[in-house]
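Take a look and give me a structure for this.
(4 chains)
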Protein chains: 2
Amino acid sequence: MKFESATIKDIAKALNLSTSTVSRALRGSYEISAETKKQVLEYAEKINYRPNPIALSLKERRTRAIGVVVSEIANNFFSQAINGIESIAYNRGYHVTITQSHESQDRERVNIEHLAARGVDGLLISLSSESVDLSYLKELHDKGMPIVFFDRVTKEIETHRVIADNYMGAFHATEHLIYQGYKKIAHVTSSPYLSITRERLEGYRAALEKHKITFNESLVKYCNHGGMIVSEIEEAITALFKSKAKPDAMFTAGDRLTIVCFGILKRMKQKKEIGFTGFTNSQVADLFSPSLTVISQPAFEIGQTAIEYLIQMIESKHPVTDFVEKVLPTELIIRESSRKAGS
Amino acid sequence: MKFESATIKDIAKALNLSTSTVSRALRGSYEISAETKKQVLEYAEKINYRPNPIALSLKERRTRAIGVVVSEIANNFFSQAINGIESIAYNRGYHVTITQSHESQDRERVNIEHLAARGVDGLLISLSSESVDLSYLKELHDKGMPIVFFDRVTKEIETHRVIADNYMGAFHATEHLIYQGYKKIAHVTSSPYLSITRERLEGYRAALEKHKITFNESLVKYCNHGGMIVSEIEEAITALFKSKAKPDAMFTAGDRLTIVCFGILKRMKQKKEIGFTGFTNSQVADLFSPSLTVISQPAFEIGQTAIEYLIQMIESKHPVTDFVEKVLPTELIIRESSRKAGS
DNA sequence: TTTTTTTACGCAATCGTTACCGAGAACGAT
DNA sequence: ATCGTTCTCGGTAACGATTGCGTAAAAAAA
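Numbering: from 1, shown residues only, chains lettered A, B, ... in the order given. Just a heads-up that it's a prediction; the model follows:
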């Protein structure tokens, strides 16, 4: 089955005109008589003519489409960021194609190359937790593809970056736990390749240091698949509580990680004694039991900012050489899960 | 800025061949000598040639892209369904473009018309809660656009439909509340235009009837924006508890509705006395307090089934005239929120 | 009336690709 | 030596839309 649409030729044939005349009439060119214009416009309206965007793309070498690559749309942070992206793109006449890497490097690459070949005008990328080899992206970028990174960024490619203040977010969260009286704070985080992992770890360390708590390597657990594999997290937590440095609190560094860890702790019946906080943009964290103390990112604004930079690059006549790293503040929302029992 | 890719012409020029020869060599035509083929293939590999999908689409009048229209990707049901869709599409060589209607009829129409113009080979649609005028969709369908509806469907357009067993899901949920000892069960649901609203309401009524509980119109509240506007739900719940038929339990009919209602009840401190269950595909319902009794839909399978039907239609030589309505079972997951205090 | 200008439209190229049609060369068969 | 095949490849016309250029006819200026 195929879907046929009316073309400019159909109009030309019906009205006994050339396609060029029809095209010009449609675009309101001054070269066309008012009468002919009226005829064409009316007939076009009647048969519900829509210019074929594929033909236009081929001709103009632009698609007015931008590609988005995230790890999971089912992640609250990303779905909110996408809403931010769409809110701007829509008004500026751009279309958004969303793809998911599911935290797989291969899948990410396939998606990006497909998007590029398919002719998006620019790319908004948040790296997967597996991504290390970025050479293909570098090539794409060198060939002139406008790219903006957000959330999970890289410095290997010189372009705009939009991120949350992961360092301060982690710092405040950790400090909050310390203020509550916790001393042995575990940090469960994602793949060490990720920028967010490094930044959040730094914030965590800085808070410990400020309060003269020695950093303990064995309290930090990396989950290389960013929460996609539950067993990986279960093992990490089990190891944590088996170790001699048994933690009295936990700070998690990712949306999925936070939810899954919290669920595991709850099932382990450990929850009561363990202070807990983590990065998440879940809107239902207050419905949990205990309600969750979270670090929330301005996801919507991050999405908006990222696409604004991207459109700027796309529409710029000259190659952009001056790049910025935009950092937006996070918010610590204090609830029950971080309260110290008996304090 | 623009992104330039290597074309078949570049290869032809470099190798002193015609574009047609190159094209045939690339596709392995028997008409081309082994030597030439080798040359072309090697050079293509070297400059990393990728056929321009836009030019291909224009020529073949197919895009190998399918469009998906849902109300919100931040809805657990839809993000899971999309994962199901992608899992199949990916393997069959189709690309998926996701758009959100945000429960707005206008936005839905703009998205669909854009997708159609943009030349998707088929459409996977779950209607918005506002959608009543489907004439434009009918036109599109009459012109030959393959469409499959899922979840929120319509009978106005003759095509495949893939849904959960909303009737039985609602029936079992309601009956479960009755078995728990609840007598005055409120039903908070979405827009009455929606197929899921009607089907779930029917299941609810049937369960009441079976257990000789008279149906009370004032216990049913419609939220026309499907949970997008919190105040709408707050008003519905307030009205419910102010009415003389003060409910002792509540059954909600949508992902967002369930979460929001539960949150409101919790804030109203009504939760303890009110039995609660609802449709949701949230994976964290067990982390709530009290943990949530839910009706869960096979979202992933619904997505998979829907796209399989769609691809069948797209690839069918003859127009498909025999349509099915595929109904997949729901699952009632019993937790604390529906337990009757003192029972 | 003749010349110039303006008006209003058509022709053809272009974007990247494929497919149909043909053409030249090599070769064996007659 | 001539003819028919087979093997390779090139030319060209699409797909749908835009656009620079050319030009006939009509209008204006001389």
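
list the contacts for A:F78?
Residues counted as contacts of A:F78 (Cβ atoms under 8 Å, 6 or more residues apart in numbering or on different chains) are A:70-72, A:126, A:255, A:299. No exception for glycine: its C-beta is placed from N, CA and C like everyone else's.

7 Å - rerun?
By Cβ atoms under 7 Å, 6 or more residues apart in numbering or on different chains, the residues touching A:F78 are A:70, A:72.

ok, which stretches of the stretch 51-200 of chain A are strands?
Using DSSP state E, counting those that start in this stretch, the strands found in the stretch 51-200 of chain A span residues A:65-70, A:95-100, A:122-125, A:147-150, A:161-164, A:185-189.

okay if I get these as JSON lines plus mean pLDDT, distance to B:I98 and mean neighbour count?
Below are these laid out as JSON lines (pLDDT from 0 to 100; distance: least, Cβ to Cβ, whole Å; neighbours: other Cβ atoms under 10 Å in any protein chain shown):
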{"stretch": "strand A:65-70", "mean pLDDT": "94", "distance to B:I98": "10", "mean neighbour count": "25"}
{"stretch": "strand A:95-100", "mean pLDDT": "90", "distance to B:I98": "5", "mean neighbour count": "23"}
{"stretch": "strand A:122-125", "mean pLDDT": "96", "distance to B:I98": "14", "mean neighbour count": "26"}
{"stretch": "strand A:147-150", "mean pLDDT": "98", "distance to B:I98": "18", "mean neighbour count": "26"}
{"stretch": "strand A:161-164", "mean pLDDT": "98", "distance to B:I98": "22", "mean neighbour count": "25"}
{"stretch": "strand A:185-189", "mean pLDDT": "97", "distance to B:I98": "29", "mean neighbour count": "27"}
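
Serialize the ones you listed to JSON lines and add fields for distance to B:V153.
As requested, those are exported to JSON lines (distance: least, Cβ to Cβ, whole Å):
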{"stretch": "strand A:65-70", "distance to B:V153": "28"}
{"stretch": "strand A:95-100", "distance to B:V153": "23"}
{"stretch": "strand A:122-125", "distance to B:V153": "33"}
{"stretch": "strand A:147-150", "distance to B:V153": "36"}
{"stretch": "strand A:161-164", "distance to B:V153": "39"}
{"stretch": "strand A:185-189", "distance to B:V153": "42"}
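
Would you mind saying which of those strands lies nearest DNA strand C?
In terms of Cβ to the nearest atom of the strand, the element of those nearest to DNA strand C is strand A:65-70, at 16.4 Å.

quick one: the closest one to chain centroid distance?
9 Å (Cα atoms, centre = their mean, to the nearest Å).

Out of the strands of the stretch 51-200 of chain A, the one nearest B:Q80 is which?
strand A:95-100 (12.2 Å; Cβ to Cβ).

Just list the residues touching the residue of chain A found nearest chain B, thanks.
Closest residue of chain A to chain B, Cβ to the nearest Cβ: A:S289 (2.5 Å). With contact taken as Cβ under 7 Å, 6+ apart, A:S289 is in contact with B:288-289.

Pretty sure A:K183 sits against A:D248.
Yes. When contacts are counted by Cβ atoms under 7 Å, A:K183 is listed as touching A:D248 (6.3 Å).

Quick check: the residue of chain A closest to chain B vs DNA strand D, distance?
Going from A:S289 to DNA strand D by Cβ to the nearest atom of the strand, to the nearest Å gives 58 Å.

Distance-wise, check that residue relative to DNA strand C.
57 Å.

same thing with A:E325?
For A:E325, the distance to DNA strand C (Cβ to the nearest atom of the strand) stands at 34 Å.

Likewise for A:Y30?
Counting by Cβ to the nearest atom of the strand, the gap from A:Y30 to DNA strand C is 7 Å.

low-scoring stretches of the stretch 151-300 of chain A, by residue?
Low-confidence segments of the stretch 151-300 of chain A (pLDDT under 70): A:270-272.
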